[in-house]
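Undergrad: next one to model:
(one chain, ligands or ions: 1)
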Amino acid sequence: MFEKILIANRGEVALRIHRACREMGIRTVAVHSTADAHAMHVRLADESVCIGPPPARESYLNIPSIITAATIAGVDAIHPGYGFLSENAKFASIVEDHGFTFIGPSAEHIALMGDKLAARAQMESLGVPVVPGSDGPVADEATAGALADRIGYPVLVKAAGGGGGKGIRKASNRSELIQQLAMARREAEAAFGNATVYLERYLERPRHIEMQILGDGQGHVVHMGERDCSIQRNRQKIIEEAPSPALSARQREHLGEIAVKAMQAITYKSAGTLEFLYEDGKFYFLEMNTRLQVEHPVTEMISDIDIVREQIRIAAGAPLDYEQKDVTLTGHAIECRINAEHPETFAPSPGRVTDYHPAGGLGVRVDSALYTGYTVPPHYDSLVAKLIVHGKTRNECLLRLRRALDECVIGGIETNLALHRRLTGAPDFIDGNYDIHWLERHMAEARAARREE
Ligand code: MV4
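TA: Sure thing, here's the model as predicted:
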């Protein structure tokens, strides 16, 4: 097993990785920007190295700095967390070239899934259902037009190098398609240095369902069920839950089998997530995330599997020591992402935290690097805490979640806690009756109702 791991991240996820390491008897090295000198991940780690100034480009994304820190500290492995360098294939191979272990999938698998079109083609060839669309890049306007006529409007033009929604454009007819094709190409070239685009039929009101898997790179793969991540705004997830209130046990097993079979076929190593859209009883593969995800705790709560610990064991060469039949999913979990942001404008709200009192009690977990007196820096994303609650049933989970939200105190900065209190009391949410557009519709309706008054 590794003796020392460098954590190439910050905030709550750096803490999350540190905790797994501690429980495994592994020493930790934190890296940090000058803005994070007093951050909790730096305080808790066994050692820390300053890797640059506040902008992420010059610190958390600075590969030479991180490799230098790893060399000086003499670590065995590097965990990238999520965001930053976690899905950078070049970083993964540089880490390995310097004699460190990258705690994640192979650079080849990261690169494959980073090319959304290649991922789609690979998955389709392995029997995973994809959205009706193009088999490869759309070459010219005439082929795009003919293809769109076949799959039916509206269609989406997507960038092969994109992901997370960047470089996506919708077209409702032939003339829009011609326009959007040119726009998408230009945008994709500028953003990703890759003008390759492809077409998919636009699904109007899907849910976002993602399947968590673990592979050991030695042919063993298990799934840990799905998460429903449909409650989002501007593609930022706000609430996630597991299991999805929309799926039956049979559907879960079916989707799990599809995901496991595909991951076995490519001998996938580490934790991974297959993202699907779900509409009218059918699943459509969108993309695969080759990293630990923000919302992994809801899966941990229902499976009792420590996903970060598994990533570390697998990276060290250990095989999965259980089979699918040993993975039992129990009860229900919901996560609220607590952001430092203005409740009306959603503008980031950095600043000094004057009071911090996280919720507690049975079935309650708070993943956060906050403490009273901490100053949230303005340079990074606004996620400051995750409140994760488990219950035997979805209803018990919801009652506990509302109780826990009421206990949370974060003073001195603005947060979206009040939004979470409203959402978890909304009849549609309580009924599990939502799709990926629900939150935006709900907020527009709430705004209209306030104007009425
Ligand atoms: C789609 C779609 C509808 N139809 N593809 C946006 C992010 C990227 N991962 C894929 N996205 C979408 N692809 C087809 N064929 C709708 C979205 C989408 C979305 C997907 C998941 C979660 C939130 C979303 C918000 C807006 C659009």
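Undergrad: so what's F429 scoring on pLDDT?
TA: pLDDT, F429: 98.
Undergrad: so it is in which element?
TA: helix 427-431 (DSSP states H and E).
Undergrad: neighbouring contacts of that helix?
TA: Contact partners of helix 427-431, identified using Cβ atoms under 8 Å, 6 or more residues apart in numbering, comprise 231, 239, 245, 398, 423-424, 434, 438, 442. Where C-beta positions appear, they are placed from N, C-alpha and C, glycine not excepted.
Undergrad: go again using 6 Å as the cut-off
TA: 423, 434 (Cβ atoms under 6 Å, 6 or more residues apart in numbering).
Undergrad: ok, and what's touching whichever helix or strand comes after it?
TA: The first helix or strand that comes after helix 427-431 along the chain, using DSSP H and E, is helix 438-452. For helix 438-452, the external contacting residues (Cβ under 6 Å, 6+ apart) are 231, 233.
Undergrad: circling back: quick check: buried residues in the helix holding F429?
TA: For helix 427-431, the neighbour count (16 or more other Cβ atoms under 10 Å) marks F429 as buried.
Undergrad: repeat for stretch 326-333
TA: For stretch 326-333, using 16+ other Cβ under 10 Å, the buried residues are 327, 329, 331-333.
Undergrad: same question, stretch 71-82
TA: For stretch 71-82, a neighbour-count test (16+ other Cβ under 10 Å) marks 73, 75-82 as buried.
Undergrad: from those, which single one is nearest the ligand?
TA: For those, the residue nearest the ligand by Cβ to the nearest ligand atom is Y82; the value is 15.1 Å.
Undergrad: ok, that closest one - contacts?
TA: Y82 is in contact with 13, 291-292, 294, counting by Cβ under 6 Å, 6+ apart.
Undergrad: which parts of the stretch 151-300 of the chain sit against the ligand?
TA: 156, 164-165, 168, 200-203, 208, 232, 235, 277, 286-287 (Cβ under 6 Å from any ligand atom).
Undergrad: quick revisit: which two in the buried residues of stretch 326-333 are spaced the farthest apart?
TA: V327 and H332 (16.3 Å; Cβ to Cβ).
Undergrad: burial measure for A246, as a count.
TA: Residues lying near A246 (other Cβ atoms under 10 Å) number 17.
Undergrad: roughly how far does the closest residue to it other than its chain neighbours sit from E279?
TA: In space, and not counting its chain neighbours, A246 is closest to R207: 5.7 Å by Cβ to Cβ, 6 or more residues apart in numbering. Separation of R207 from E279 (Cβ to Cβ, to the nearest Å): 7 Å.
Undergrad: the more surrounded of those two?
TA: Set side by side, R207 and E279 give different neighbour counts by other Cβ under 10 Å, the larger being at R207 (23 against 16).
Undergrad: that one and D435 touch, don't they?
TA: Yes. With contact defined as Cβ atoms under 6 Å, R207 counts as touching D435 (5.3 Å).
Undergrad: list residues touching both of the two?
TA: Counting by Cβ under 6 Å, 6+ apart, the common neighbours of R207 and D435 are S230.
Undergrad: Q232 is in what secondary structure piece?
TA: Here Q232 sits within strand 221-233, counting by DSSP H and E.
Undergrad: strand partners (parallel or antiparallel) of that strand?
TA: strand 207-216 (antiparallel), strand 236-242 (antiparallel) (DSSP bridges).
Undergrad: tally of neighbours for the nearest residue to D435 once chain neighbours are set aside?
TA: Nearest non-adjacent residue to D435, counting by Cβ to Cβ, 6+ apart: R205, 4.6 Å away. Using other Cβ under 10 Å, R205 has 13 neighbouring residues.
Undergrad: now do R205 against A242, distance only.
TA: From R205 to A242 the distance is 21 Å (Cβ to Cβ).
Undergrad: thinking again about what came up before, mind checking which of the residues of the stretch 151-300 of the chain next to the ligand are in strands?
TA: Taking DSSP state E, the ones among those that sit in strands are 156, 200-201, 208, 232, 277, 286-287.
Undergrad: how about these in a markdown table, adding distance to A184?
TA: Shown next, in a markdown table, are these (distance: Cβ to Cβ, whole Å):
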| residue | distance to A184 |
| --- | --- |
| L156 | 9 |
| E200 | 12 |
| R201 | 16 |
| H208 | 22 |
| Q232 | 22 |
| L277 | 19 |
| L286 | 17 |
| E287 | 17 |
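Undergrad: those: which two are farthest apart?
TA: R201 and Q232 (20.8 Å).
Undergrad: ok and the residue in the stretch 301-450 of the chain nearest the ligand?
TA: For the stretch 301-450 of the chain, Cβ to the nearest ligand atom, closest residue to the ligand: I436, 4.2 Å.
Undergrad: and what of the stretch 151-300 of the chain?
TA: For the stretch 151-300 of the chain, Cβ to the nearest ligand atom, closest residue to the ligand: G165, 3.3 Å.
Undergrad: can you pull the contacts of C21?
TA: Counting by Cβ under 6 Å, 6+ apart, C21 has contacts 5, 28.
Undergrad: that one falls within a helix, correct?
TA: Yes. C21: assigned to a helix according to DSSP: H, G, I helix; E, B strand; the rest coil.
Undergrad: how close does it get to L15?
TA: Counting by Cβ to Cβ - C21 and L15 are separated by 11 Å.
Undergrad: with R313 instead?
TA: Distance from R313 to L15, by Cβ to Cβ: 20 Å.
Undergrad: kindly report the same for K116.
TA: K116 is 31 Å from L15, by Cβ to Cβ.
Undergrad: centroid-nearest residue for this structure?
TA: The residue lying closest to the centre of the chain (Cα atoms, centre = their mean) is Q293, at 3.7 Å.
Undergrad: what separates it from T196, distance-wise?
TA: Taken as Cβ to Cβ, the span from Q293 to T196 is 26 Å.
Undergrad: who are the packing partners of the helix or strand where A69 lies?
TA: Using DSSP H and E, the element containing A69 is helix 63-73. Counting contacts by 3 or more Cβ pairs under 6 Å, 6 or more residues apart in numbering; DSSP states H and E, helix 63-73 is packed against strand 47-52.
Undergrad: number of residues surrounding whichever residue of the stretch 1-150 of the chain sits closest to the ligand?
TA: Ranked by Cβ to the nearest ligand atom, the top residue of the stretch 1-150 of the chain for proximity to the ligand is V131, at 4.2 Å. Around V131 there are 22 other residues, counting by other Cβ under 10 Å.
Undergrad: what's the answer for the one 5 residues further on, then?
TA: The number of residues packed near G136 is 13, by other Cβ under 10 Å.
Undergrad: cool, and the one 5 residues further on?
TA: Applying the criterion other Cβ under 10 Å, we find 13 residues in the vicinity of E141.
Undergrad: that one contacts I178, doesn't it?
TA: Yes. With contact defined as Cβ under 6 Å, E141 and I178 form a contacting pair (5.4 Å).
Undergrad: reformat the strands paired with strand 221-233 as JSON lines; add mean pLDDT and distance to G363.
TA: Converted to JSON lines, these look like this (pLDDT from 0 to 100; distance: least, Cβ to Cβ, whole Å):
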{"stretch": "strand 207-216", "mean pLDDT": "98", "distance to G363": "20"}
{"stretch": "strand 236-242", "mean pLDDT": "98", "distance to G363": "14"}
